[in-house]
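Visitor: heads up, no residue letters with this:
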DNA sequence: TACCAGGTGGGAA
DNA sequence: TTCCCACATGGT
């Protein structure tokens, strides 16, 4: 099945996911940049549930400020305390400061992917998530769910860059579509294509899935 | 109780 | 390049 049809089916089944979630009212009130929330959230959610990342975001709002400026200026120890619910807080606090320093330093308007990747704490997924969801750059975001699904559905075993290239040559470059596609794959991974025991029963893609069809024989 | 969650960096093989 | 491990909280 063509990846474009996969997208259509997932959208049909799950509906729009409305990523990236941003508290626009907060930023309007505080005069802070809503895009900072994407960047900070992208680091906080690294190998953590979004719920825990949200708890850390809430603490930043309540006890500090949800902005890169605040992250850069607050003490490291205080920042660790604030982001604790997201887990890995010792390293995430360091990562946040690194990202804030980079993005607040004088540069061109758009950060370049290669430059972002040099920042400690910004790996491929975080870099692409920042570029796509904060800056609207049509770059495909790959995660564990995506790699697992590619292997199960197409029998395609590949790495991050391979998966990214696969989607970018199959689906026309379009930031809103890439945004939605990634969010839909995450939803698919949560609902059906789970790690240990996939729940194929009512999976919208099962008729074309290599793994599912291999079960039946 | 063990596993999992919108990963990354660093070191060994 | 490809594995392996540490990093940590909170939910099921």
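Guide: Received it, and whenever you're ready, just let me know what you need. All values reported here derive from a predicted model rather than from experimental measurement.
Visitor: element containing residue A:167?
Guide: helix A:160-170 (DSSP states H and E).
Visitor: let me redo that: residue A:99
Guide: Using DSSP H and E, residue A:99 sits within helix A:89-104.
Visitor: ok, residues contacting the helix holding residue A:167?
Guide: Here helix A:160-170 makes contact (CB atoms under 8 Å, 6 or more residues apart in numbering) with A:2-4, A:124-125, A:128, A:139-140, A:142, A:146-147, A:150, A:156, A:158, A:178, A:181. Every C-beta, even on glycine, is put in place using the N, C-alpha and C of the backbone.
Visitor: ok, of those, which come out buried?
Guide: The neighbour-count criterion (16 or more other CB atoms under 10 Å) marks A:3, A:124-125, A:128, A:139-140, A:142, A:146-147, A:150, A:158, A:178, A:181 among the contacts of helix A:160-170 as buried.
Visitor: any idea whether the residue lying closest to residue A:37 once chain neighbours are set aside is helix, strand or coil?
Guide: In this structure, residue A:37 finds its nearest non-sequential neighbour in residue A:22, 5.1 Å apart by CB to CB, 6 or more residues apart in numbering. Counting by DSSP: H, G, I helix; E, B strand; the rest coil, the backbone at residue A:22 sits in coil.
Visitor: quick one: residue A:22 from DNA strand C, how far?
Guide: 22 Å (CB to the nearest atom of the strand, to the nearest Å).
Visitor: and if you look at residue A:202?
Guide: 19 Å.
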